[in-house]
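# Let's see this in three dimensions:
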Amino acid sequence: MSVTQTDVLRNAYGDDIILFDEQNESTVYHLLKEFVYGNNTYAVLQSDALKKEDDVAIFRVVKNSDEQYELETIEDDDEWETVAELYDEMVFPVQDDL
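The predicted structure follows:
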């Protein structure tokens, strides 16, 4: 399966997305990458705290009944690993001449 870059979230919300946790605390995330793989759209985001740890957050992008985009946590470990590897390949492409 191939990966197609997209910008549905960026077009809808811009480069920064505010997410709220269970305690209704907000965190600003910078949208690093969006792509379609299979039948799903994924978003890679990074908060200031994650940036300090050189880490990212990966979510599945879905449309709700009001046609608004929402981010879902990826619960399936295999799906998360696959999507994380795809992101790594986009950011750190394999170089055959090494």
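# which residues in this structure form strands?
Counting by DSSP state E, the chain has strands at residues 3-5, 16-20, 26-37, 40-47, 57-63, 69-73.
# Pick the most buried one from those strands.
Highest mean neighbour count among the strands of the chain (mean count of other C-beta atoms under 10 Å): strand 40-47, with a mean of 20. All C-beta spots, glycine's among them, are computed from the backbone N, C-alpha and C.
# packing partners for it?
Applying 3 or more C-beta pairs under 8 Å, 6 or more residues apart in numbering; DSSP states H and E, we find strand 40-47 packed against strand 26-37, strand 57-63, helix 77-91.
# Now do the first one against strand 57-63, angle only.
What it means is strand 26-37. Strand 26-37 runs at 70 degrees relative to strand 57-63, counting by axes from the mean of the first three to the mean of the last three C-alpha atoms, to 10 degrees.
# chain center to strand 26-37: distance?
Computed by C-alpha atoms, centre = their mean, to the nearest Å, the separation of strand 26-37 from the middle of its chain amounts to 4 Å.
# May I have that strand as CSV, with CA atoms only?
Output in CSV follows, covering the C-alpha atoms of strand 26-37 (Å, rounded to 0.1, in the frame of the first residue of the first chain):
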residue,chain,number,x,y,z
SER,A,26,-5.2,22.3,27.0
THR,A,27,-2.0,21.6,25.1
VAL,A,28,-0.9,23.2,21.8
TYR,A,29,0.4,20.7,19.3
HIS,A,30,2.3,21.6,16.1
LEU,A,31,1.0,19.6,13.1
LEU,A,32,4.1,18.0,11.6
LYS,A,33,2.7,15.6,9.0
GLU,A,34,-0.6,14.3,7.6
PHE,A,35,-0.9,11.3,5.3
VAL,A,36,-3.3,8.7,4.1
TYR,A,37,-2.5,5.0,4.4
